[in-house]
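1. Here is my input; please provide its structure:
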Amino acid sequence: MIRKEPILHQRIRKIQGSFAWIPHSFLRNGFWSSLDHHELLLYLFLVLAADRLGVSYYSFDKICSLLGVNTDEYILARNELIDKDLIAFDGHLFQVLSLSENFKPTVLQPITSQKAMMLRDPATIHQAIRRSLDND
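-> Numbers count the residues shown, from 1 in each chain. Purely as a prediction, here's the structure:
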(Lines give C-alpha, C1' and ligand atoms only; values in the text may rest on other atoms or scores of the structure.)
Protein backbone atom coordinates (compact mmCIF):
# COMPACT_ATOMS: atom_id res chain seq x y z
CA MET A 1 0.00 0.00 0.00
CA ILE A 2 1.26 3.46 -0.87
CA ARG A 3 1.74 5.69 2.14
CA LYS A 4 0.23 9.10 1.43
CA GLU A 5 1.57 12.04 3.37
CA PRO A 6 1.03 15.72 2.55
CA ILE A 7 4.02 17.33 0.89
CA LEU A 8 3.39 20.77 2.39
CA HIS A 9 1.68 20.39 5.77
CA GLN A 10 1.16 24.15 6.07
CA ARG A 11 -0.93 24.10 2.85
CA ILE A 12 -3.46 21.34 3.66
CA ARG A 13 -6.85 22.35 2.28
CA LYS A 14 -9.58 23.34 4.73
CA ILE A 15 -13.27 23.85 4.07
CA GLN A 16 -14.01 27.53 4.63
CA GLY A 17 -17.23 29.18 3.52
CA SER A 18 -18.67 27.66 0.37
CA PHE A 19 -17.20 24.43 -0.91
CA ALA A 20 -17.38 22.70 -4.30
CA TRP A 21 -16.81 18.99 -4.67
CA ILE A 22 -16.81 16.25 -7.27
CA PRO A 23 -17.20 12.68 -6.06
CA HIS A 24 -14.30 10.33 -6.77
CA SER A 25 -16.70 8.12 -8.76
CA PHE A 26 -16.71 10.88 -11.42
CA LEU A 27 -13.22 9.72 -12.30
CA ARG A 28 -13.46 6.05 -11.28
CA ASN A 29 -16.74 5.28 -13.11
CA GLY A 30 -15.81 6.82 -16.47
CA PHE A 31 -17.64 10.16 -16.38
CA TRP A 32 -14.34 12.06 -16.80
CA SER A 33 -13.19 10.06 -19.82
CA SER A 34 -16.57 10.39 -21.53
CA LEU A 35 -16.37 14.20 -21.73
CA ASP A 36 -14.48 16.35 -24.21
CA HIS A 37 -12.49 19.35 -22.99
CA HIS A 38 -15.32 21.89 -23.38
CA GLU A 39 -17.70 19.61 -21.50
CA LEU A 40 -15.14 19.13 -18.71
CA LEU A 41 -14.50 22.86 -18.53
CA LEU A 42 -18.20 23.71 -18.32
CA TYR A 43 -18.92 20.93 -15.81
CA LEU A 44 -16.08 22.03 -13.55
CA PHE A 45 -17.24 25.64 -13.77
CA LEU A 46 -20.82 24.69 -12.86
CA VAL A 47 -19.58 22.61 -9.91
CA LEU A 48 -17.56 25.58 -8.66
CA ALA A 49 -20.39 28.07 -9.22
CA ALA A 50 -23.13 25.93 -7.64
CA ASP A 51 -24.61 26.30 -4.19
CA ARG A 52 -25.06 23.35 -1.79
CA LEU A 53 -27.99 22.09 -3.91
CA GLY A 54 -25.94 22.20 -7.10
CA VAL A 55 -27.80 25.25 -8.45
CA SER A 56 -26.20 28.23 -10.19
CA TYR A 57 -27.48 31.00 -12.43
CA TYR A 58 -24.63 32.42 -14.49
CA SER A 59 -25.73 33.71 -17.89
CA PHE A 60 -24.37 32.09 -21.05
CA ASP A 61 -22.44 35.21 -22.05
CA LYS A 62 -20.73 35.38 -18.65
CA ILE A 63 -19.92 31.65 -18.80
CA CYS A 64 -18.51 31.99 -22.34
CA SER A 65 -16.41 34.97 -21.27
CA LEU A 66 -15.04 33.27 -18.15
CA LEU A 67 -14.32 29.98 -19.91
CA GLY A 68 -12.97 31.51 -23.13
CA VAL A 69 -15.40 29.58 -25.34
CA ASN A 70 -17.69 30.78 -28.09
CA THR A 71 -21.47 30.40 -28.04
CA ASP A 72 -21.49 27.28 -30.24
CA GLU A 73 -18.90 25.53 -28.06
CA TYR A 74 -20.90 26.44 -24.95
CA ILE A 75 -24.20 25.19 -26.40
CA LEU A 76 -22.67 21.91 -27.58
CA ALA A 77 -21.02 21.31 -24.20
CA ARG A 78 -24.17 22.25 -22.27
CA ASN A 79 -26.37 19.98 -24.38
CA GLU A 80 -23.94 17.06 -24.06
CA LEU A 81 -23.86 17.46 -20.27
CA ILE A 82 -27.67 17.43 -20.24
CA ASP A 83 -27.77 14.37 -22.54
CA LYS A 84 -25.25 12.60 -20.30
CA ASP A 85 -27.51 13.33 -17.29
CA LEU A 86 -24.85 15.36 -15.47
CA ILE A 87 -26.72 18.67 -15.35
CA ALA A 88 -30.23 20.04 -15.65
CA PHE A 89 -31.01 23.41 -17.23
CA ASP A 90 -34.35 25.22 -17.32
CA GLY A 91 -33.31 28.12 -19.54
CA HIS A 92 -32.10 30.24 -16.60
CA LEU A 93 -30.83 27.97 -13.83
CA PHE A 94 -28.34 25.14 -13.91
CA GLN A 95 -28.30 22.23 -11.52
CA VAL A 96 -25.34 19.88 -11.19
CA LEU A 97 -26.98 16.48 -10.67
CA SER A 98 -25.97 13.55 -8.54
CA LEU A 99 -24.08 11.00 -10.60
CA SER A 100 -26.31 8.39 -12.20
CA GLU A 101 -25.71 4.80 -11.19
CA ASN A 102 -26.94 3.70 -14.65
CA PHE A 103 -24.17 5.57 -16.48
CA LYS A 104 -22.55 3.70 -19.35
CA PRO A 105 -19.22 5.39 -20.16
CA THR A 106 -18.32 6.02 -23.75
CA VAL A 107 -14.72 6.64 -24.62
CA LEU A 108 -14.28 9.35 -27.21
CA GLN A 109 -12.63 7.95 -30.31
CA PRO A 110 -10.34 10.18 -32.37
CA ILE A 111 -11.58 11.28 -35.77
CA THR A 112 -9.15 9.69 -38.22
CA SER A 113 -10.92 9.75 -41.58
CA GLN A 114 -13.02 12.03 -43.73
CA LYS A 115 -16.01 9.70 -43.24
CA ALA A 116 -15.64 9.87 -39.45
CA MET A 117 -15.39 13.65 -39.72
CA MET A 118 -18.67 13.82 -41.64
CA LEU A 119 -20.41 11.53 -39.15
CA ARG A 120 -19.06 12.74 -35.83
CA ASP A 121 -17.58 16.24 -35.96
CA PRO A 122 -20.17 18.54 -34.33
CA ALA A 123 -18.84 21.57 -36.19
CA THR A 124 -19.49 20.28 -39.69
CA ILE A 125 -22.39 21.54 -41.75
CA HIS A 126 -23.43 17.91 -42.18
CA GLN A 127 -23.92 17.53 -38.41
CA ALA A 128 -25.75 20.84 -38.09
CA ILE A 129 -28.22 19.83 -40.82
CA ARG A 130 -28.64 16.33 -39.37
CA ARG A 131 -29.33 17.72 -35.88
CA SER A 132 -31.88 20.19 -37.24
CA LEU A 133 -33.66 17.43 -39.17
CA ASP A 134 -33.65 15.13 -36.13
CA ASN A 135 -35.33 17.86 -34.06
CA ASP A 136 -38.23 18.30 -36.50
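2. In contact with residue 99: list those residues for me.
-> Applying CB atoms under 8 Å, 6 or more residues apart in numbering, we find residue 99 in contact with 23, 25, 26, 29, 31, 86. (C-beta placed from N, C-alpha, C; glycine too.)
3. filter these to the buried ones?
-> Among the contacts of residue 99, those classed as buried by 16 or more other CB atoms under 10 Å are 26, 29, 31, 86.
4. residue contacts, residue 60?
-> Here residue 60 is in contact with 71, 74, 75 (CB under 8 Å, 6+ apart).
5. how close does the closest residue to residue 57 other than its chain neighbours sit to residue 10?
-> Nearest residue to residue 57 in three dimensions, chain neighbours excluded: residue 93, at 5.2 Å (CB to CB, 6 or more residues apart in numbering). Remark: distance between residue 93 and residue 10 (CB to CB, to the nearest Å) = 39 Å.
6. So which of those two has more stuff around it?
-> Neighbour totals were compared for residue 93 and residue 10, and residue 93 leads with 11 against 5 (other CB atoms under 10 Å).
7. and the gap between that one and residue 15?
-> Distance, residue 93 to residue 15, using CB to CB: 25 Å.
8. do residue 32 as well
-> According to CB to CB, residue 32 stands 23 Å off from residue 15.
9. okay, those two: which has more neighbours?
-> Set side by side, residue 32 and residue 15 show more neighbours around residue 32, with 13 against 7, by other CB under 10 Å.
10. In contact with the more buried one, which residues are there?
-> Taking CB under 8 Å, 6+ apart, one finds 26, 40 in contact with residue 32.
11. what does residue 88 give?
-> So residue 88 contacts 82, 94, 95, 97 (CB under 8 Å, 6+ apart).
12. Does the second one touch residue 57 like I think?
-> Yes. At 7.2 Å, residue 94 counts as touching residue 57 under the criterion of CB atoms under 8 Å.
13. Between those two, point out the one with more neighbours.
-> With neighbours defined as other CB under 10 Å, residue 94 and residue 57 compare such that residue 94 has more, 23 against 11.
14. Right, I'll leave it there.
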